[in-house]
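**Student:** From the sequence below, what's the structure:
(chains A and B)
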Amino acid sequence: MSKAVSALEGASFEGFAKVEETGLRGMITVRGDLDSKEMAEAVKAVNGAEMPAVRKIVHGEGGSVAWMSPDELLVVCAYEEADAKVAAMTEALAGQHALVVKVSDARAVFRISGEAAREVIAKLAPVDMSPAAFPAGEFRRSRVAQVAAAFWLNEDGSFEMICFRSVAQYVFDLLSISSERGGEVGFLN
Amino acid sequence: MSTRLASGGRLLNKGKQLKFSFNGKQFTGYEGDSLASALLANDQMMIGRSFKYHRPRGVVASGSEEPNGLVNLGEGGKFEPNQRVTTTELFDGLTCTSQNHWPSLEFDIGAINNHMTRFFPAGFYYKTFMFPRFAWKHVFEPIVRQSAGLGKAPQDRDADTYEHFYAFVDVVVIGGGIAGLQAAKAAGASGAKVLLMEQTPHWGGRAPVDGGEVDGKPVAEYIDGLVAELQAMDNVTMRNRMMGAGVYDHGYVLGYERVNDHTPMNTGPRHRLWRIRTKQIITATGAIERPLSFAGNDIPGVVLASAVRDYAVDYGVSVGDRTVVVTNNDDAYRTAIALKKAGLEVPVILDARASGGGSLADEAKALGIRVENGKGIAKVKGGKRVTGVVVCAQAGQGAMLEEIKCDAVAMSGGWSPVVHLWSHCGGKLIWDDAQAHFRPDAARPPKGANGEGFVIPAGSANGPLELAGVVADANAAGVAAAKAVGQDSSVAAPAVAEAAEAAMEPVWLMPQGAGPELRIKAWLDYQNDVKVSDVRLAAQEGYESVEHTKRYTTLGMATDQGKLSNINGLATLAGQLNAPIPEVGTTTFRPPYTPISMGSIAGEARDAVFQPLRRTPIHAYHEDEKAFFEPVGHWRRPYCFPKAGESHADAVKREINQTRNSVGLLDASTLGKIIVKGPDAGKFLDMMYTNMMSTLKPGKCRYGLMCNENGFLIDDGVVARIDEDTFLCHTTTGGAERIHGWMEDWLQCEWWDWKVYTANVTEQYAQIAVVGPNARKVIEKLGGEMDVSKEGLAFMEWKDGKIGEFDARAYRISFSGELSYEIAVPASQGRAFWDALMEAGAEFGIMPYGTEGLHVMRAEKGFIMIGDETDGTVIPQDLNMQWAISKKKEDFLGKRAQLRPFMASDDRWKLAGFETVDGSVIPDGAYIVGTGVNANGQRNVQGRVTSTYYSPTLDRGIAMGLIDGGMKRLGDVVEFNKVDGSTVKAKVVDPVFYDKDGEKQNV
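**Tutor:** The predicted structure follows:
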């Protein structure tokens, strides 16, 4: 490994919510039969996490696992651990029809925090961001304005959002514009 | 004259004076004023001129239905035309100017049209501008363009910001009058999540102005209580200054929030467009008073009776000192009573009904107001303002009974429910004979996915006009909405004191027998100058459909969309057609309810975030080096890297010469990379590509073509087999997402039982092409464990390993014809790898090349480019690529289509190379001319150029193109046309201009 840098090298903006690029993160796309016991064991073995329910993310000791589609998971872990986890999951799923591929470098990750963080996302994504509909552990694969994105709510009230690396600047600009002071909506909290 | 009264003005804060200007005149108003009330308080009766005749126009209404009071608002980046003064809140420093006049509001040359009224009948434009044909372009259109339009177009960039907001609720209540409040309470009490929106800054609507008693209290007090109750409910959100703009399928509602229109000095967005999903919608949108059609009903000072009352009670403004009230219903008596109580003169109430009014009429008479039943206005006297009215019998033809001096007329032709939002998504209407209006037909609501209605009209928007009926109906609507979303509400409607009102009588023309002289001055549509005479003429000329009449006369086509004129217009049409009104029907109600700003529709999408711009990990280098970019999809790719003072052509030449002679770098990160994995991956790729992919050995690469079902080429690229089960498919830059979607489409919809997974890993890698005779030396200089020698990594092989300290996957593939490695590293290491290559290559003069260099070099080699040699109508056979079409495979996408006689025919334009005889470059898009002309007199053609460049390597123009006969034409000299009408001669040659045997790439 050499001189790996994230797309925006930790850019941040503070408006009525705080927006930060979190830096490099390990990510693995897993496709396969999510109902199989091999898949459940593979997830457990590499992340210590349970299989997530539809539109959920679960956090384990080795990282997090999010539900992406009926046959797709996203594993989120430390950047340095992604290769080892890919190898371990591939091993655990040997003989199964499955795809395990590292996508850490294809992505950018943002944290959105603050009292009204929900409203920043609700300006961009067609998702019910109310506390009742989007509790901690909720995960959504959706869009923000004109690009694909996925996001979840952490226990500490902060959101994390992932997008493709090539549009990191666009998404950072969107989040910054949407959290500018004076733009508080007062609907979701 | 209009003026500010000493008392009244329940919405004003008289402690705070605000300054504003109109046409440069400095005025003052109070906090809480609308621009309309503030202008009237300063006796500015005339605000603009009408569209067609440039007649003087003053406010006629007090709300969003206003057709006349339009101004150019603001200056510079805050300028916006056609802003309604009635819905513009006054703020300190507001500036506005009147519209549609020249040279001044008071003296307007266009008003000459007014005296030519006879010569501008309905359909004037259609009738006049037909002949002679040439005159439209050279005479009529320039004149029409000069005089058309109301406000001016903005000249500057919009200085404000806008945004969207997505909200999800159970019940949306549109309208915050007493009906909306009561409905929200009834729905909210069930626990349902309710969003209540009101377009004005105030809650309660017009009930406090109209008065009455609810629950034993004055209605204003009851409303205050309701607002307080709702504010205390956690599940109810109240937003004012937010209009329900449109109702769409599946419970989708657009809410248009004017966040900072009234506080332009604040930071934050000006408008916010709410995109709401809801289960139920309650439209408590109220009703709009109709004007009466009498001669001169458009003169400034003739105002809706309810608006006269609003200005007096809400803003403490009198429209005139002496106001004649003319009506066909009891409600207008409230205006007379309110004015009288405010100390103003009401010389007479003209009630068109022979039998007169009910208890309100008695109250008026008791106050000493003269009431004349069965009377109407023959005509209004005055020009730029009202000076008097001529009184006549409603039943007659307008013979003068007396003339009464006055400076204002308060008119009421009855009330029409605001059915727009009910109708947007298909709610149907029924005609109510008693009230002479259309109201929602509860049996035919707009229906949702479950077949049930999802819009419930409430209050006067549903027909009831008296307070008791309004409140009871609204409460029932709230209870019904709660039930529809699976909740229970037990809120009961409060007791309301009943008023004994006499029935209204429809009056569509005043007086009933008005002759042509009066009808031609009786306005229906104030903004577009459509009169009773115009609609009658349209009917006489055969326009029976209300939709046709609307377009022919322009009735209801102005910025107010006929909120005041539609019902009067179609009643006039029905009268002339001798048909019942419901048979004539209404025009279509379309969103938005009133115009919404373009900015709110765009939301945040402007400037830097107008469109996503995709950047490779090496993009910053390109920017630092001042690359000239070209858009490729949403990417910006360097076209070339010009040095100071260097032309683009010279830069391209330099980059190519360096690459061919030593070594160059290309940022190829944008190329699509799709992983295809599974036991059936080979079988799947055999279907996707025309070539055989299943026989490819791990460690090897193969170039492949993709066609659609119709046989046409859609993409190409190099496929690398990673292991037994796994392939990596390269696509074109623009094809990455499209081809991934194409693959998933076939896997999910057609071959769902095949065991194949795909993943788009395009952005996981930065991919850099190291190209040229010294490419290997540069890579070897970086060190690392990877053997990149001819034997260690042969042409069309790939290998994983360390190059220097980088995690690399190197492909020995070449799109330039040179020794070439395309090396993928994790995107996060991309910039470092690029920098390392630049440093290692310094001794060889290494430099980056752009997409133009890439194109020229591939053209020199005769390699095709998707989008140049293909255009959606080209099959591989047209490009002499039979070698890439497997004959062993049973099937592949496009195979069947390519067997069709026309596709298999030799008689198609096929690929060949071209060399100009004089060495020049053939223009882009040139056709190869044939002999003779076609049926349209155009020159016949026999082919066209697809790629044409100056080749620095050969120092001459080279081209590829499609020509009838293809390579069979070798040696022919043909002519390509040029823009100047001349042609350029070119010889048909082999399209491979450079290193035909491929020795250079295979070293």
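**Student:** residues in contact with whatever residue of chain A ends up closest to chain B?
**Tutor:** Closest approach between chain A and chain B, counting by Cβ to the nearest Cβ: A:Gly182, at 2.7 Å. In short, each C-beta sits where N, CA and C put it, glycine included. For A:Gly182, the set of contacting residues under the criterion of Cβ atoms under 8 Å, 6 or more residues apart in numbering or on different chains consists of B:Asn266, B:Thr267, B:Gly268, B:Pro269.
**Student:** how does it look with 7 Å?
**Tutor:** If a contact means Cβ atoms under 7 Å, 6 or more residues apart in numbering or on different chains, then A:Gly182 has B:Asn266, B:Thr267, B:Gly268 as its contacts.
**Student:** ok, and the closest non-adjacent residue to the second one?
**Tutor:** If I follow you right, that is B:Thr267. Nearest non-adjacent residue to B:Thr267, counting by Cβ to Cβ, 6 or more residues apart in numbering or on different chains: A:Gly182, 3.4 Å away.
**Student:** ok, B:Pro901 to chain A distance?
**Tutor:** Between B:Pro901 and chain A the computed distance is 42 Å (Cβ to the nearest Cβ, to the nearest Å).
**Student:** tally of neighbours for that residue?
**Tutor:** Here the neighbour count serves as a burial measure; for B:Pro901 (other Cβ atoms under 10 Å in any protein chain shown) it reads 6.
**Student:** who touches it in this structure?
**Tutor:** When contacts are taken as Cβ under 7 Å, 6+ apart, B:Pro901 is in contact with no other residue.
**Student:** Enumerate the residues of the stretch 801-950 of chain B near chain A.
**Tutor:** Those residues of the stretch 801-950 of chain B that sit near chain A, judged by Cβ under 7 Å from any Cβ of the partner chain, are B:Glu805, B:Phe806, B:Asp807, B:Pro826, B:Ala827, B:Ser828, B:Gln829, B:Arg831, B:Ala832.
**Student:** Tell me if stretch B:763-772 is near chain A.
**Tutor:** Yes: residues of stretch B:763-772 are located near chain A by Cβ under 7 Å from any Cβ, namely B:Glu763, B:Gln764.
**Student:** chain center to that stretch: distance?
**Tutor:** For stretch B:763-772, the gap between its own C-alpha mean and the chain's C-alpha mean amounts to 40 Å (Cα atoms, centre = their mean, to the nearest Å).
**Student:** do stretch B:65-84 as well
**Tutor:** If you compare the mean C-alpha spot of stretch B:65-84 with that of the full chain, they lie 20 Å apart, counting by Cα atoms, centre = their mean.
**Student:** Show the backbone phi and psi for B:Val632.
**Tutor:** For B:Val632, the backbone dihedrals (degrees, to the nearest 10) come out as phi -130, psi 100.
**Student:** for the one 3 residues further on, same thing?
**Tutor:** As for B:Trp635, its main-chain torsions (degrees, to the nearest 10) stand at phi -80, psi 160.
**Student:** repeat for B:Gln942
**Tutor:** Summarising the backbone geometry of B:Gln942 under the convention degrees, to the nearest 10, its torsions are phi -130, psi 10.
**Student:** any idea how far the nearest residue to B:Lys653 once chain neighbours are set aside lies from B:Tyr994?
**Tutor:** The shortest distance from B:Lys653 to any non-neighbouring residue, by Cβ to Cβ, 6+ apart, is to B:Pro952 (4.2 Å). Computed as Cβ to Cβ, to the nearest Å, the B:Pro952 to B:Tyr994 distance reads 11 Å.
**Student:** farthest residue from the center of chain A?
**Tutor:** The outermost residue of chain A, judged by C-alpha distance from the chain's mean C-alpha position using Cα atoms, centre = their mean, is A:Gly95 at 28.6 Å.
**Student:** what about that residue, which helix or strand?
**Tutor:** Counting by DSSP states H and E, A:Gly95 is held by no secondary-structure element, helix or strand.
**Student:** quick one: average pLDDT of stretch B:837-848?
**Tutor:** Mean per-residue pLDDT for stretch B:837-848: 98.
**Student:** what distance separates that stretch from the centre of its chain?
**Tutor:** Computed by Cα atoms, centre = their mean, the separation of stretch B:837-848 from the middle of its chain amounts to 50 Å.
**Student:** what about that stretch, how long is it end to end?
**Tutor:** Its start and end residues considered, stretch B:837-848 measures 10 Å (Cα to Cα, to the nearest Å).
**Student:** Likewise for stretch B:639-655?
**Tutor:** For stretch B:639-655, the separation between the terminal residues is 11 Å (Cα to Cα).
**Student:** can you list the residues that contact it?
**Tutor:** Applying Cβ under 7 Å, 6+ apart, the set of residues contacting stretch B:639-655 from outside is B:625, B:627-630, B:664, B:847-853, B:856, B:952.
**Student:** Dump the worst-scoring helix or strand of chain A on mean pLDDT to CSV, restricted to CA.
**Tutor:** Using mean pLDDT, DSSP states H and E, helix A:37-47 stands out as the lowest-scoring helix or strand of chain A, at a mean of 92. Once non-C-alpha atoms are left out, helix A:37-47 reads as follows in CSV (Å, rounded to 0.1, in the frame of the first residue of the first chain):
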residue,chain,number,x,y,z
LYS,A,37,-26.4,-20.2,6.3
GLU,A,38,-23.0,-19.9,4.6
MET,A,39,-23.6,-16.3,4.0
ALA,A,40,-24.8,-15.7,7.6
GLU,A,41,-21.7,-17.5,8.8
ALA,A,42,-19.4,-15.6,6.5
VAL,A,43,-20.8,-12.3,7.8
LYS,A,44,-20.5,-13.4,11.4
ALA,A,45,-17.0,-14.7,10.9
VAL,A,46,-15.5,-11.6,9.3
ASN,A,47,-17.5,-8.9,11.1
